[in-house]
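A.B. asks: Here is my input, please return the structure:
(one chain, ligands or ions: 1)
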Amino acid sequence: QLKGKTALITGAGSGIGRAIAEVFAREGARVILNDLSPAAGAVAEAVGGAFVQADLSDQQAVYDLAQRALELGPIDILVNNAGLQRIHPVEEFPEETWNRMLQVLLTAPFQLIKYTLPSMKQRRWGRIINIASLHGLVASPFKSAYIAAKHGLLGLTKTVALEVGEYGITCNAICPAYVRTPLVESQIADQARTLGIPESEVVGQVMLAPAAIKRLIEPAEVAEYALFLASDRASAITGSAQVMDLGWTAR
Ligand code: NAD
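C.D. replies: This is a model prediction of the structure:
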C-alpha cells in the first residue's frame, strides 16, 4: 500500500515506532528510522531501512536529522512518535525535565513538520501522523509535562491540517490508551511495587480502571491504524484525533 513512498519515523527503535517501521516496510515504503539509542540501528537493518541517530531533546539535532533524512529522499510520510514519560507531582516537577519533555514531545514534532512540509507540498501528497495519547484528551495526576505536551500536539495537528489541506497533505493524531511497550512494562513493575499488589492486577484494576476493555493494546494494532491513515483510503481524514482507548474516554 505504500510502494514508492518514503517515511521518516522518530523513536523507531522500540515499541510503537518500531512496529510502525515494520508495518510500513512490509507495505513497500522506504523507511528512515530515527532514535536516540544507537541500538535502533539493528532494527533499521532488520526492516531494510536507513537509520539516523539523533537526540530530539536538542533543537539543532532535530534540524540536522531533517536535513539527513531529506538527503535520503523527499519525505512523503512523517511519523512523530518518539516519547518519554516522567512522573512527579506538579509542585515537584523539575523545570529541566519539563523543558526536555516539551522539546521531545511537542517542539521536535513542530520542527520536523516545518522542515519536511516543503517537499510534501511540492509533490502535492503527504501524511503527517502524530502519536499523541489518550492523555492528549484527558488527564491523570502526576504527568503534567506529558499531558500538557500531548494536548499541545493535538492543537498542532489541527492547525497544520488547516494549513495544508489544499496540497493533498493530511495531518492526524492517534490517541492510544496503554500499549504493551517497554515504556509501559516498567510502569507496571513500578506500580506493583508501590501498591504491593501482583503485576497481573496492576493492568486490570489500576491502569485500566476507567477502560471498558481491560487489556493492553499491542504495538501492531497502533501500527496498522497508522498504515490506514498513511494510505490513500484515508485522504478524507485530517485534523483529527483518532481515539484507540479501549473505551476509556467513553466514561
Ligand atoms: P518506547 O519507550 O517503547 O519507545 C520510545 C522510543 O523513543 C525509544 O526507542 C526511545 O529511545 C525514543 N526516544 C526517547 N527520547 C528520545 C529522544 N530524545 N530522541 C530520539 N528518540 C527518543 O515507548 P512507546 O510506548 O513505543 O512510545 C511511543 C510513543 O507513543 C510516545 O510518543 C508515547 O508517548 C506514545 N504513547 C505510548 C503509549 C503506551 O502506552 N506505550 C500510550 C499512548 C501514547
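
A.B. asks: Just the helices from the stretch 101-250 of the chain, written as ranges.
C.D. replies: 108-123, 144-164, 182-195, 199-201, 219-230 (DSSP state H, counting those that start in this stretch).

A.B. asks: closest to the ligand out of those helices?
C.D. replies: With distances scored as C-beta to the nearest ligand atom, the stretch of the helices of the stretch 101-250 of the chain nearest to the ligand is helix 182-195 (3.6 Å). In this view, the C-beta of every residue, glycine as well, is placed from N, C-alpha and C.

A.B. asks: Flag every residue of the stretch 51-200 of the chain that's near the ligand.
C.D. replies: Residues of the stretch 51-200 of the chain lying near the ligand by C-beta under 6 Å from any ligand atom: 55-57, 81-84, 104, 131, 133, 176, 178-179, 181-184.

A.B. asks: For PyMOL, write the selection for the buried entries among the residues you listed.
C.D. replies: Selecting the buried subset of these in PyMOL, with 16 or more other C-beta atoms under 10 Å as the burial test, is done by:
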select buried, resi 55+56+57+81+82+83+84+104+131+133+176+178+179+181+183+184
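
A.B. asks: Tell me the secondary structure at the one residue in the stretch 51-200 of the chain that gets nearest to the ligand.
C.D. replies: Closest to the ligand within the stretch 51-200 of the chain is Gly83: 2.4 Å, counting by C-beta to the nearest ligand atom. Following DSSP: H, G, I helix; E, B strand; the rest coil, Gly83 is assigned to coil.

A.B. asks: May I have the phi/psi pair for it?
C.D. replies: When read as degrees, to the nearest 10, the backbone of Gly83 gives phi -170, psi 170.

A.B. asks: how near is it to Ala46?
C.D. replies: Remark: distance between Gly83 and Ala46 (C-beta to C-beta, to the nearest Å) = 22 Å.

A.B. asks: Kindly report the same for Ala66.
C.D. replies: Relative to Ala46, and taking C-beta to C-beta, Ala66 is found at 24 Å.

A.B. asks: So between these two, which is more surrounded?
C.D. replies: Ala66 (23 against 12; other C-beta atoms under 10 Å).

A.B. asks: which ones are touching the more buried one?
C.D. replies: Shown in contact with Ala66 (C-beta atoms under 8 Å, 6 or more residues apart in numbering): Gln111, Leu112, Tyr115, Thr116.

A.B. asks: Make a markdown table from these and add neighbour count and pLDDT to it.
C.D. replies: Listed next are the contacts of Ala66 as a markdown table, based on neighbours: other C-beta atoms under 10 Å; pLDDT from 0 to 100:
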| residue | neighbour count | pLDDT |
| --- | --- | --- |
| Gln111 | 19 | 98 |
| Leu112 | 26 | 98 |
| Tyr115 | 18 | 98 |
| Thr116 | 21 | 98 |
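
A.B. asks: From these, pick the one nearest Pro74.
C.D. replies: Thr116 (8.4 Å; C-beta to C-beta).

A.B. asks: Please tell me I have it right and the closest one contacts Leu78.
C.D. replies: Yes. Using C-beta atoms under 8 Å, Thr116 is in contact with Leu78, at 5.2 Å.

A.B. asks: Contacts only, for Ala250.
C.D. replies: Applying C-beta under 8 Å, 6+ apart to Ala250 gives the contacts Ala212.

A.B. asks: Over to Gln59?
C.D. replies: Gln59 touches Gln103, Thr107, Gln111, counting by C-beta under 8 Å, 6+ apart.

A.B. asks: Please convert those residues to TSV, extending it with distance to Ile9.
C.D. replies: Below are these laid out as TSV (distance: C-beta to C-beta, whole Å):
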residue	distance to Ile9
Gln103	19
Thr107	18
Gln111	15
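
A.B. asks: Can you give me the neighbour number for Gln242?
C.D. replies: Counted with other C-beta under 10 Å, the neighbours of Gln242 add up to 19.

A.B. asks: All good on my end, thank you.
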